[in-house]
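Visitor: structure, please.
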Amino acid sequence: MDQNPQLNQPRHRPVFRRKPLWIASTLVVGGLALAGCSAVAQTATDTTSESSSTTASASTASTAGDAIITASTGSEDATTTQETIADTTAAVEAFLATLSDEQVEAVTYDYDDETKTTSWSNFPVTFVERAGLNLAELTDEQQEAAMAVLEALLSDDAYATVTAIMGGDQYLLENSSTTETSLGQYYIAFFGDASDTDAYAVQFGGHHLGINADLNGSENAITFAPTHLGVQPAVYTNEDGEEVQPFDAIYTDAFAFYGSLTAEQQATLTSGDVTFCAPGDTCEYESGAGLSGADLTDEQKELLLELIANWAGMADEETTETELAEIEATLDETVIAWSGETTYDMSTGDGISFSISGPNVYLAFQAQSGSAGADVEGVSTSGWGHVHTIYRDPSNDYANSVEQQAATGGMGGGAPGGEMPSGEPPADGEAPSGAAAEGS
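Guide: Sure thing, here's the model as predicted:
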C-alpha cells in the first residue's frame, strides 16, 4: 500500500516534556517518557510495507520508564475482560485515594447521570464543559494516578494512540497560531462506583478525544461506545525530534480494506453516502447508499473488522473479540461508504472520509476541510491533517445505562444549514462538525 513518501522512519515512542503540568508529571516524572507501553504512538511505516496489521511497535523504552509504569499498574497488560476490569478498578481506587473529599465529589457521578451524555465533545473544553476534574489542576501524584487509570483500561496500542492524540493538541498549543489556550487540557470523570462486579463508567477527554468506557464485571463486558478520536495535525515532531503520527494504524487498516476491494466494489463504495453523527449528539444512524457487508468476501470482512477494532477493540483481547463478534453477526446488514483519496499518500489531496453503519456499529471518519485557526507553517492542519471520528453502538451506547441527550450550546452537532449553535463561538474558531460537506 502506498504510504506518505515523507514518512520513512521506524515508529518511535512519543516523548512529552513540561507544558502543560499534567503532561510533565504523568509522562516524564522519574524518566517516564510513555516508556511503559510496549506499543508506540504511531509514526511512519516503511513505504514499501503492505501490512494490514492494526499497529506496529517499537521497544525504545528507558529502563526507568518501564519500572515506573510497572509500579503504577502492578502487572503486565490484561488479556481478559475480567483482568481489565480488575486492573482498572484498582487504578481508579488508587487515583481516588490521592484526592481530597471535595475532589472525589467533583469527579464522581451516579451511574445513570445524564451528564455522561452531555460532557464530551469535539469542541474545545472552553466551549463545552467537561465532567469531572481537569488534569491540569491536579498535583503530579494525582496526574500520574489519573493516567494510570487509562493505562489499565487500554491496550498498549490504544494507550499509545490516545497519548499521541494528546501530544498533537499540545503541539498545536505550542506551535500553532491558535488562540485556544485550553488545548492540552483533559478531564477525567467516573459514573458509578468502581467495582469488579457492578457496572461503572470511565470518561476521559479533551478537544480531540472523548472516551466513554463502560465496565460491567457481572456481565463480563466492556464497551467504548461512544468514543471520539480526533487528530490535528496528522504528523508532528515531538521535542526529541521524533515524528509522531497518531492515526497511522487507522489509515493503514482503512487502505488495506479499500485495496482489497475489486474495481466494481470500489465504485459502489465511493458512490455511497458518507454520513457523520457529531460527537455528543443524538444520531439517526442512517446508512444511506454504499457497499453492503453482504457483498464482501470473508477476507474483506476480516479487514473491515480490523479497521473497526481501532475503536471497538481498545481494551484486551477477549473484550475485542467479544465486541467484534457482535458486530460481525450483523455485518451483512452494514453499509460502508467512502469519499476522498484512494491511496495512502498524505502529500496529495485532502484526505478521506468514510462511514460504517449497521445494527451493532456506527463509525464515521471525517477529514476536516479547515484548520480551525490552528495553523503551523509547513504542517498540514486541514484535510489529512485534521480528522474527527466517532464510534457508537446503536444497540448499546453507554451500555444502555442512559439515553443520549440532544446537543446544546455547541456540542458539535451540525446545526441546520451548518449554522453555528447559539452562544459564544469556540475560541479556536472551530465550526460545528455536521455534514461532511461542512468539513468543520
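Visitor: so how far is the biggest strand by length in the chain from its chain's centroid?
Guide: If you go by DSSP state E, the chain has its longest strand at strand 383-392. Averaging C-alpha positions (CA atoms, centre = their mean, to the nearest Å) puts strand 383-392 9 Å from its chain's average.
Visitor: which neighbours in the sheet does it have, and how are they oriented?
Guide: According to DSSP bridges, strand 383-392 forms sheet pairs with strand 227-231 (antiparallel), strand 361-368 (antiparallel).
Visitor: can I get those strands in a markdown table including mean neighbour count?
Guide: All C-beta spots, glycine's among them, are computed from the backbone N, C-alpha and C. Compiled in a markdown table, the strands paired with strand 383-392 are given as follows (neighbours: other CB atoms under 10 Å):
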| stretch | mean neighbour count |
| --- | --- |
| strand 227-231 | 26 |
| strand 361-368 | 26 |
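Visitor: for F257, which of these is the nearest?
Guide: Comparing these by their distance to F257 (CB to CB), the top pick is strand 361-368, with 11.7 Å.
Visitor: returning to that earlier point: for the longest strand of the chain, the averaged confidence score.
Guide: Averaged over strand 383-392, pLDDT sits at 96.
Visitor: how about the strands in the stretch 51-200 of the chain?
Guide: 108-109, 133-134, 187-191, 200-206 (DSSP state E, counting those that start in this stretch).
Visitor: please identify the most buried of these.
Guide: strand 200-206 (a mean of 26; mean count of other CB atoms under 10 Å).
Visitor: that one pairs with which strands?
Guide: Partners of strand 200-206 in its sheet, by DSSP bridges: strand 187-191 (antiparallel), strand 209-216 (antiparallel).
Visitor: how about residues contacting it?
Guide: Contacts to strand 200-206, defined as CB atoms under 8 Å, 6 or more residues apart in numbering, come from residues 88, 92, 111, 116, 119-121, 125, 130-132, 149-150, 153, 166, 169, 182-194, 210-215, 228, 398-399, 401.
Visitor: one more time with 6 Å
Guide: The contact list for strand 200-206 (CB atoms under 6 Å, 6 or more residues apart in numbering) reads 120, 125, 185-186, 188-189, 191-192, 194, 211-215.
Visitor: rounded mean pLDDT for it, please.
Guide: Here the average pLDDT along strand 200-206 is 97.
Visitor: how far out from the middle of the chain is that strand?
Guide: On the basis of CA atoms, centre = their mean, strand 200-206 is displaced by 12 Å from the centre of the chain it belongs to.
Visitor: before we move on, what about stretch 276-293?
Guide: Counting by CA atoms, centre = their mean, stretch 276-293 comes out at 18 Å from the chain centroid.
Visitor: how about stretch 237-257?
Guide: 13 Å.
Visitor: endpoints of that stretch, how far apart?
Guide: Taking CA to CA, to the nearest Å, stretch 237-257 runs 28 Å from one end to the other.
Visitor: follow-up on the earlier one: ok, and the most crowded of the contacts of strand 200-206?
Guide: In terms of neighbour count, Y186 stands highest of the contacts of strand 200-206 at 30 neighbours, by other CB atoms under 10 Å.
Visitor: show me what contacts that residue?
Guide: Counting by CB under 6 Å, 6+ apart, Y186 touches L135, G206.
Visitor: who touches stretch 82-101?
Guide: Contacts to stretch 82-101, defined as CB under 6 Å, 6+ apart, come from residues 78, 104, 141-142, 145-146, 148-149, 152-153, 194, 196, 215, 217, 315-316.
Visitor: reformat the contacts of strand 200-206 as CSV; add distance to A372 and pLDDT.
Guide: Listed next are the contacts of strand 200-206 as CSV, based on distance: CB to CB, whole Å; pLDDT from 0 to 100:
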residue, distance to A372, pLDDT
W120, 18, 91
V125, 14, 88
Q185, 16, 93
Y186, 18, 96
I188, 24, 98
A189, 25, 98
F191, 29, 98
G192, 34, 98
A194, 35, 98
I211, 21, 97
N212, 23, 97
A213, 27, 98
D214, 30, 98
L215, 33, 98
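Visitor: quick check: T381 touching A234?
Guide: No: using CB atoms under 6 Å, T381 is not in contact with A234; the gap is 8.6 Å.
Visitor: ok so, going back, same list, the strands paired with strand 383-392, but as JSON lines with mean pLDDT and distance to D248 please.
Guide: Formatted as JSON lines, those follow (pLDDT from 0 to 100; distance: least, CB to CB, whole Å):
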{"stretch": "strand 227-231", "mean pLDDT": "96", "distance to D248": "10"}
{"stretch": "strand 361-368", "mean pLDDT": "96", "distance to D248": "14"}
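Visitor: out of these, which gets nearest to H386?
Guide: Across the strands paired with strand 383-392, closest to H386 is strand 361-368 (CB to CB), at 4.0 Å.
Visitor: centre of the chain to the closest one, how far?
Guide: Strand 361-368 sits 11 Å away from the centroid of its parent chain (CA atoms, centre = their mean).
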